[in-house]
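Chemist: predicted model follows, preceded by the sequence.
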Amino acid sequence: MNRHVTGLAAACLLFCLSPHSITEAPAQSYPTRPVRIVIPWPAGGITDVIGRAVSLHLMETLQQPMIIDNRPGAAGTLGAGIVAKAGADGYTLLMHDVASHCIAASLYPKLPYDTLKDFEPIALVAGSPMVLVAHPSLNVRTVPQLIALAKSRPRQINYASSGAGSITHLGMVRLERMGGFEITQVPFKGSVPAASSVISGETSVSLSTLPASLPHAKTGRLVLLAVSFPRRSPQIPDVPTIAETLSGYDLGLYSGLWAPRGTPRAIVKRLHAETLAALEQPKVKEMLANVSAVPGTMTPEQFTAYLAKDTRDWGEVVKASGVKAD
């Protein structure tokens with residue numbers, strides 16, 4: 001009789017300690033302390049603005065402080081590396097530019113983490129389009145005109161990028177490949193000097209953000225050729241998309257939220273649901289609108305598939321560009 005009782009108690013203990021119960025238990029009480037969101041870019045950038053906007057709502061609904069930790073450096077890989085090695089408990093998250101995260105997989109051969117295997121995708125939070133701009137002296141007003149001019153003057157047109165391997169560099173490489181033309185990159189140390197070079201006429205073309213470009217377009221110092229999203233921007237509905245000329249072109253500052261691999265599924269699902277709820281809040285919508293960002297709607301599973309495809313696509317562009325990083 002005692003053996004039966006002992007056996008029953010042991011079985012109950014095993015059930016209580018089953019992987020399912022261990023996974024679910026922390027999710028029911030999560031979070032019980034502050035949550036850190038690592039943003040691998042300087043404060044004030046689009047990903048930073050998106051991260052801070054969402055964290056305001058998460059702080060209210062999760063009833064815990066959301067600590068923004070800006071860790072810029074090495075094109076976003078420094079901050080991503082911190083999260084990859086953090087505990088898989090939902091208390092350290094990564095808010096990162098999706099393209100930069102995917103580009104890193106091919107750009108850095110000695111990356112200390114795997115961009116797909118070492119993170120749990122939570123949500124594609126929001127995206128802000130880029131805009132293809134030109135200096136007025138180039139005398140082009142559309143993407144077809146730019147392509148025609150570039151083909152007639154191979155490698156003679158210069159474009160500004162925020163650095164070799166950056167999204168503004170590889171986004172232009174993708175444009176060249178799809179349009180069948182070649183122009184010459186002039187890399188700068190950051191987006192501000194790159195944008196300034198086009199405004200001054202030092203370079204002729206660039207991919208820039210809408211908030212940075214629109215004021216100069218209104219004064220005639222820049223020409224807005226096309227928007228990089230598949231759909232036109234409500235802010236500039238008369239400006240066509242690049243995809244209207246080159247079908248399938250899609251580029252933007254998409255910001256995503258990740259947790260370290262192994263984070264309990266219930267926590268990932270809760271963070272996903274709370275993030276989507278945050279994107280519906282008036283305050284958050286206003287903050288996103290200020291950087292021309294639109295909310296994302298993907299499930300974690302859809303985001304995972306999107307990341308796999310984006311990593312492959314950017315890998316091809318990195319290879320075509322010939323750029324290498326240590």
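Modeler: That came through fine. Numbering: from 1, shown residues only.
Chemist: how about the strand or helix carrying residue 306 as PDB, C-alpha atoms only?
Modeler: Taking DSSP states H and E as the definition, residue 306 sits inside helix 300-321. The C-alpha atoms that make up helix 300-321 are tabulated as PDB, following Å, rounded to 0.1, in the frame of the first residue of the first chain:
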ATOM      1  CA  PRO A 300       5.200  35.400 -34.600                       C
ATOM      2  CA  GLU A 301       5.100  32.500 -37.100                       C
ATOM      3  CA  GLN A 302       4.600  34.800 -40.100                       C
ATOM      4  CA  PHE A 303       7.400  37.000 -38.700                       C
ATOM      5  CA  THR A 304       9.700  34.000 -38.500                       C
ATOM      6  CA  ALA A 305       9.000  33.100 -42.200                       C
ATOM      7  CA  TYR A 306       9.500  36.700 -43.200                       C
ATOM      8  CA  LEU A 307      12.900  36.800 -41.400                       C
ATOM      9  CA  ALA A 308      14.100  33.600 -43.200                       C
ATOM     10  CA  LYS A 309      13.200  35.000 -46.600                       C
ATOM     11  CA  ASP A 310      14.600  38.400 -45.800                       C
ATOM     12  CA  THR A 311      17.900  36.900 -44.700                       C
ATOM     13  CA  ARG A 312      18.200  34.900 -47.900                       C
ATOM     14  CA  ASP A 313      17.300  37.900 -50.100                       C
ATOM     15  CA  TRP A 314      19.800  40.200 -48.300                       C
ATOM     16  CA  GLY A 315      22.400  37.500 -48.500                       C
ATOM     17  CA  GLU A 316      22.200  37.600 -52.300                       C
ATOM     18  CA  VAL A 317      22.500  41.400 -52.200                       C
ATOM     19  CA  VAL A 318      25.500  41.300 -49.900                       C
ATOM     20  CA  LYS A 319      27.200  38.800 -52.200                       C
ATOM     21  CA  ALA A 320      26.500  40.900 -55.300                       C
ATOM     22  CA  SER A 321      27.800  44.100 -53.600                       C
END
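Chemist: please, where are all the strands along the stretch 101-250 of the chain?
Modeler: 119-134, 158-161, 184-187, 205-209, 223-227 (DSSP state E, counting those that start in this stretch).
Chemist: and of those, who's closest to residue 291?
Modeler: Proximity to residue 291 (CB to CB) singles out strand 119-134 among the strands of the stretch 101-250 of the chain, at 5.3 Å. Glycine gets a C-beta too; all of them are placed from N, C-alpha and C.
Chemist: any idea how far that closest one is from the chain center?
Modeler: Relative to the centre of its chain, strand 119-134 is centred 4 Å away, using CA atoms, centre = their mean, to the nearest Å.
Chemist: count of residues packed around residue 163?
Modeler: 18 (other CB atoms under 10 Å).
Chemist: ditto for the one 5 residues further on
Modeler: Here the neighbour count serves as a burial measure; for residue 168 (other CB under 10 Å) it reads 23.
Chemist: now do the contacts for it.
Modeler: Contacts for residue 168 (CB atoms under 8 Å, 6 or more residues apart in numbering) come out as 130, 160, 161, 162, 191, 194, 206, 207, 208.
Chemist: reformat the strands of the stretch 101-250 of the chain as JSON lines; add distance to residue 58.
Modeler: Below are the strands of the stretch 101-250 of the chain laid out as JSON lines (distance: least, CB to CB, whole Å):
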{"stretch": "strand 119-134", "distance to residue 58": "11"}
{"stretch": "strand 158-161", "distance to residue 58": "34"}
{"stretch": "strand 184-187", "distance to residue 58": "37"}
{"stretch": "strand 205-209", "distance to residue 58": "25"}
{"stretch": "strand 223-227", "distance to residue 58": "30"}
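Chemist: contacting residues around residue 229?
Modeler: 127, 129, 241, 243, 250, 251, 252.
Chemist: kindly recompute the last result at 10 Å.
Modeler: Contacts here follow CB atoms under 10 Å, 6 or more residues apart in numbering; on that basis residue 229 touches 127-131, 210, 241-243, 249-252, 254, 292, 294.
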